[in-house]
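1. here's a sequence, model it:
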Amino acid sequence: DTIVVFGLQLQSLQTLKSIKTEKEKEKVFFRTLFENNEDAIFLMTDKQFIECNKKTLKMFGCKKKGDIIGHHPAEFSPDKQSGGISSKKLSQEKINATFAGKAQTFEWIHTKKNKSEFYAQVSLNLIEYQSEKVLLAIVRDISAIKNHEKKLSEQYQEVQTQNEEIQSQNEEYEIGRAHV
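-> Residues are numbered from 1 along each chain as shown. Here you go, the predicted model:
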């Protein structure tokens, strides 16, 4: 007896029936969505992470919440993002913009606890949590997509080079035919 919502196994029917109030049901529902999501989800202030789900730990190569909670996002980023911009400066700009009411969605290079890098799509939204304004961050690992894009780009360049070589050979052939 399980309930499935958006492909997530919620709780046993027995457990949900035992919950008395609508507020308790809502709390269990949202906690289950939070914990069983395939994306990393965490809450943060303007300076640090304050809560995260299990997927966050896995994605960032951490064993316990204490490895993430209390840390700034820049601590899980290389010194510089692509384009040479400081991760610390750019992350704070994104955080500040979100707290100013402008939701953010962007690509980011993150690092795991062991400092290996991965590409991510990050979404930041301002929400109220326990009577305080905090950021809801959703992080999706897009490394496979980025690697595929890189491979396609390399293949495209290879084809372009081959086309240029063929074109050059055709021109040489035409010049040679004109002199015959």
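2. CA only for contacts and neighbour counts going forward, please
-> Noted.
3. in this structure residue 39 contacts residue 55, no?
-> Yes - taking contacts as Cα atoms under 8 Å, residue 39 lies within contact range of residue 55: 6.3 Å.
4. so these two - more neighbours on which side?
-> residue 55 (21 against 18; other Cα atoms under 10 Å).
5. how about the secondary structure of that one?
-> On the three-state scheme (DSSP: H, G, I helix; E, B strand; the rest coil), residue 55 is labelled helix.
6. was I right about it contacting residue 37?
-> Yes - Residue 55 lies in contact with residue 37 (Cα under 8 Å); the separation is 7.1 Å.
7. could I get the pLDDT score of residue 125?
-> Residue 125 carries a pLDDT score of 97 in this model.
8. quick one: the helices in the protein?
-> For the chain, the helices defined by DSSP state H cover 13-18, 22-35, 54-59, 87-99, 143-178.
9. make TSV out of those helices and add mean pLDDT and distance to residue 131.
-> Converted to TSV, these look like this (pLDDT from 0 to 100; distance: least, Cα to Cα, whole Å):
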stretch	mean pLDDT	distance to residue 131
helix 13-18	59	26
helix 22-35	80	15
helix 54-59	95	24
helix 87-99	96	15
helix 143-178	82	36
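10. out of the ones you listed, deepest packed?
-> Mean neighbours per residue, mean count of other Cα atoms under 10 Å, is largest over these for helix 54-59, with a mean of 20.
11. what's in contact with that one?
-> Applying Cα atoms under 8 Å, 6 or more residues apart in numbering, the external contacts of helix 54-59 come out as 35-42, 63-65, 68, 112, 141.
12. and with 7 Å instead?
-> The contact list for helix 54-59 (Cα atoms under 7 Å, 6 or more residues apart in numbering) reads 35, 38-41, 63-65.
13. ditto for stretch 99-108
-> Under the criterion Cα under 7 Å, 6+ apart, residues 94, 98, 119-126 lie in contact with stretch 99-108.
14. cool, and stretch 121-138?
-> Stretch 121-138 has contacts (Cα under 7 Å, 6+ apart) with 39-45, 98-99, 101, 103-108, 139-142.
15. sort out for me which of those are in strands.
-> Judged by DSSP state E, strands contain the following of these: 40-44, 104-108, 139-141.
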